[in-house]
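A.B. asks: sequence and predicted structure, then a few things I'm wondering about:
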Amino acid sequence: MRLSASQRQLLEKASATYAGQIHQAKEYLESRGLSLEDAKSVGLGLVNEPVPGHEQFRGRLAIPYITPTGVVDIRFRAVGPQEPKYLGLAGAKLRMYNTKALFTAGDAIGVCEGEIDAITLTLKVGIPAIGIPGANAWKPHYRKLLQDFERIYVFADGDQSGQDFARHLAKELFGVVNLAMPEGEDVNSMFLAHGKEYFLEKVKV
């Protein structure tokens with residue numbers, strides 16, 4: 001669904017408002033191995049003072065989905081024990097995260113299931129990566145976006161849904177290399193435990 005000019009303006013305003021509050025999430029970011037500078041580079045924010053209509057997202061991390069045309073969506077992630085872990089705007093559909101990687105990657109690109117994982121791979125490891133939240137979020141046109149890459153490294157979560165995700169991509173695309181995380185782990189947790197060298201060794205496979 002194409003966004004109207006007013007919808008885009010509201011998304012841009014909300015994203016800028018929350019980005020201005022990101023310093024209040026410094027402790028959480030550090031727990032994920034990210035700095036304030038990392039967060040600012042991808043527009044992350046914190047919903048401390050929500051814009052009208054976003055009151056239900058108070059206290060959550062605001063993750064803007066930014067394309068060459070601007071902010072097209074915002075997802076809200078819990079930074080504590082809140083449930084559910086993720087909330088989205090009314091009527092919004094799941095999208096590919098960090099589409100910028102499609103243009104900055106060379107002949108290889110990373111694919112993972114979460115935004116924080118995509119940020120970790122891109123900024124902390126140096127592997128441009130997109131985020132697709134599971135096989136159910138796959139859309140037919142993604143195949144065209146990824147078909148020109150020689151290698152597609154799939155860093156799936158270490159669980160059943162992650163295995164399903166990796167298998168689904170292997171059926172859809174050529175050049176898929178399944179680099180699934182160990183059981184119970186994801187990209188960010190493995191980065192925190194082992195650093196970027198863990199991933200750089202895996203992509204040599």
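C.D. replies: That came through fine.
A.B. asks: for Leu169, give its distance to Leu34.
C.D. replies: 26 Å (Cβ to Cβ, to the nearest Å). (Glycine included, C-beta is placed from N, CA and C.)
A.B. asks: I'd like the next helix or strand past the helix ranked longest in the chain.
C.D. replies: The single longest helix within the chain, with elements called by DSSP state H, is helix 5-19. For helix 5-19, the following helix or strand on the C-terminal side (DSSP states H and E) is helix 26-31.
A.B. asks: other SSEs contacting the helix or strand that that next one is followed by?
C.D. replies: Counting by DSSP H and E, the element after helix 26-31 in chain order, helix or strand, is helix 36-41. Identification of packing neighbours for helix 36-41 by 3 or more Cβ pairs under 8 Å, 6 or more residues apart in numbering; DSSP states H and E yields helix 26-31.
A.B. asks: off-centre distance for the helix it packs on?
C.D. replies: 17 Å (Cα atoms, centre = their mean, to the nearest Å).
A.B. asks: same question for it: list its buried residues.
C.D. replies: Tyr28, Leu29 (16 or more other Cβ atoms under 10 Å).
A.B. asks: list the contacts of the helix or strand where Ile109 lies.
C.D. replies: In the assignment (DSSP H and E), Ile109 maps to strand 108-112. With contact meaning Cβ atoms under 8 Å, 6 or more residues apart in numbering, strand 108-112 is reached by 101-102, 118, 121-122, 127-132, 146, 149-157, 169, 186-187, 203.
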